[in-house]
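Student: build me a model:
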Amino acid sequence: MNRRSIGRIAVIGSTALLAVGALAGCGAGDSEDGGDVELSLWHNASTGPGKEFWEQTVADFEADNPGVTIDIQAIQNEDLDGKLQTALNAGDAPDIFLQRGGGKMAAMVEAGQLKDLTDGIAGAAAEEIPDAAYSANTLDGKVYAMPIAVLPGGLFYSQDLFDEAGIAENPTTIDELDDAVAKLKETGVAPIALGAKDAWPAAHWYYWFALRECSPDTLAQAADERDFSDECWIRAGEDLEEFAATEPFNEGFLTTSAQQGAGSSAGLVANHQAAMELMGAWDPGVIASLTPDQQPLPDLAWFPFPEVEGGDGEPGSMMGGVDGYSCSVDAPDACVDFLNYIGTADVQQAYYEAFNAPPVNTVAQEAVTEPYLQQILEAYNAAPYASQWLDTVYGQNVGNALNVAVVDMLAGSGSPEQIIEAVDAAAAKE
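Tutor: Just a heads-up that it's a prediction; the model follows:
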């Protein structure tokens, strides 16, 4: 899932446990010389259809591959990165795990923790997934993860609540977004849901303002050199500070989680208590899991992040991730077989149906019927430039510092300048 014509997105980035014993089944599988093979899988779909997808997919793979068993660990999304890093550093990593790419993946490659998949990709995974979809999981010409979903961002919203507020056209500029916020306030609903308790959803607002304020060259330089000296980074913070001053977010947004329960930001949209949410393309599936009947929100719609007047970013630029799955370096060869399996059209279509997110397999993409997902793919494929999420691009240490600094500013204890100071300080320690 990547660049114009799906083959043309300029992803930025360089050349992306509790006690370990509490998560049993980690580590490389048993011998493959005629004996049974045991694998472990970590994913982040801890409830609902997503969890059921992985259970069914693994059961089907095991049925087709006698002697191979896969132990599944479903880990809450916000906990996964930390637990995975702990397991990797301890040399006790799962065989198969969610890969976010960017600087996070680059650090794993540098540490020798990932299996090179380049020569192992075969069948439908090689023939029906475009090369561009692999680019977010490629480093120095080698592929380290199987892409499974393209997840561009934007604003997901309730068409019914927009209609009730008299918003006839989707906002295309920040001024128009301000006007929409004012109209929504008059109806008594929260204009924008934000789960700042988890930090990264709040930081997404800064990422998008940076995408609009900074040129592609500046973004690439920051990714390669950790150089944030351009004034566009300060302007992005000032844009967010000014926007937040209009009080567009739900009451208590600083203590609201993003995806856990009806009171989360996704839950507020699912239950029509908030009109919209800035999020990646996994959001429709999360929202669907939190509606009263646990079905897709009938009036859900989408529009891209508005343009910022005078910014150096290329109009129409997009941001988002390409979720994939990696094999740890010592994982059995059956791990690669499983990754090829999840790249097939049937599995990819099942993924789309479970997660309500666009798949990467081009045959499976033909099954996408929701207008908002079609719009997301169209906007992403037509984008003149696209970036991964900035915390993914910069890696865990710098990315976490960025996310926390944005929340501090929104809480009134930080500033645009202090965001850059925090990022510079984290980068200096690497």
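Student: show me the helices in the stretch 301-430 of the chain, by range?
Tutor: Assigned by DSSP state H, counting those that start in this stretch, the helices in the stretch 301-430 of the chain fall at 334-342, 345-355, 362-365, 371-382, 390-410, 416-428.
Student: closest to residue 47 out of those helices?
Tutor: Nearest to residue 47 among those is helix 345-355; the distance by Cβ to Cβ comes to 11.6 Å. All C-beta atoms are positioned from the backbone trio N, CA, C, and that covers glycine.
Student: and the closest one, how far out from the chain's middle?
Tutor: 17 Å (Cα atoms, centre = their mean, to the nearest Å).
Student: repeat that for stretch 197-207.
Tutor: 12 Å.
Student: need the contact partners of it.
Tutor: 78, 153, 194-196, 236-237, 240, 243-244, 253-259, 265, 278-279, 319, 387, 389-391, 400, 402-404, 406-407, 410, 419 (Cβ atoms under 8 Å, 6 or more residues apart in numbering).
Student: does residue 214 touch residue 232 like I think?
Tutor: Yes. Because the distance of 3.9 Å satisfies Cβ atoms under 8 Å, residue 214 is recorded as touching residue 232.
Student: between these two, point out the one with more neighbours.
Tutor: residue 214 (25 against 22; other Cβ atoms under 10 Å).
Student: give me the phi and psi for the more buried one.
Tutor: In terms of degrees, to the nearest 10, the main-chain angles of residue 214 are phi -100, psi 140.
Student: cool, and residue 310?
Tutor: phi 80, psi 0.
Student: what's the answer for residue 81, then?
Tutor: phi -60, psi -50.
Student: anything in contact with each of residue 214 and residue 232?
Tutor: With Cβ under 8 Å, 6+ apart as the test, residue 214 and residue 232 both reach 311, 312.
Student: the helices of the stretch 301-430 of the chain: which one's closest to residue 149?
Tutor: Comparison of the helices of the stretch 301-430 of the chain against residue 149 by Cβ to Cβ identifies helix 345-355 as nearest, at 6.6 Å.
Student: residues making contact with the closest one?
Tutor: Contact with helix 345-355 is made by 45, 49-50, 52-53, 56-57, 124, 128, 148-149, 282, 285, 341-342, 357-361, 363-364, 367-368, as judged by Cβ under 8 Å, 6+ apart.
Student: what's the angle from it to helix 371-382?
Tutor: Angle, helix 345-355 to helix 371-382, by axes from the mean of the first three to the mean of the last three Cα atoms, to 10 degrees: 120 degrees.
Student: so which bits of helix 345-355 are buried?
Tutor: Burial within helix 345-355, assessed by neighbour count using 16 or more other Cβ atoms under 10 Å, is assigned to 345, 347, 348, 349, 350, 351, 352, 353, 354, 355.
Student: only C-alpha atoms, please: export that helix in PDB.
Tutor: Below are the C-alpha coordinates for helix 345-355, written out as PDB (Å, rounded to 0.1, in the frame of the first residue of the first chain):
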ATOM      1  CA  ALA A 345      -5.900 -12.800  -1.900                       C
ATOM      2  CA  ASP A 346      -8.300 -14.900   0.200                       C
ATOM      3  CA  VAL A 347      -6.500 -14.200   3.400                       C
ATOM      4  CA  GLN A 348      -6.100 -10.500   2.500                       C
ATOM      5  CA  GLN A 349      -9.800 -10.200   1.800                       C
ATOM      6  CA  ALA A 350     -10.600 -11.800   5.100                       C
ATOM      7  CA  TYR A 351      -8.200  -9.300   6.700                       C
ATOM      8  CA  TYR A 352     -10.100  -6.400   5.100                       C
ATOM      9  CA  GLU A 353     -13.500  -7.800   6.200                       C
ATOM     10  CA  ALA A 354     -12.200  -8.300   9.800                       C
ATOM     11  CA  PHE A 355     -10.400  -5.000  10.200                       C
END
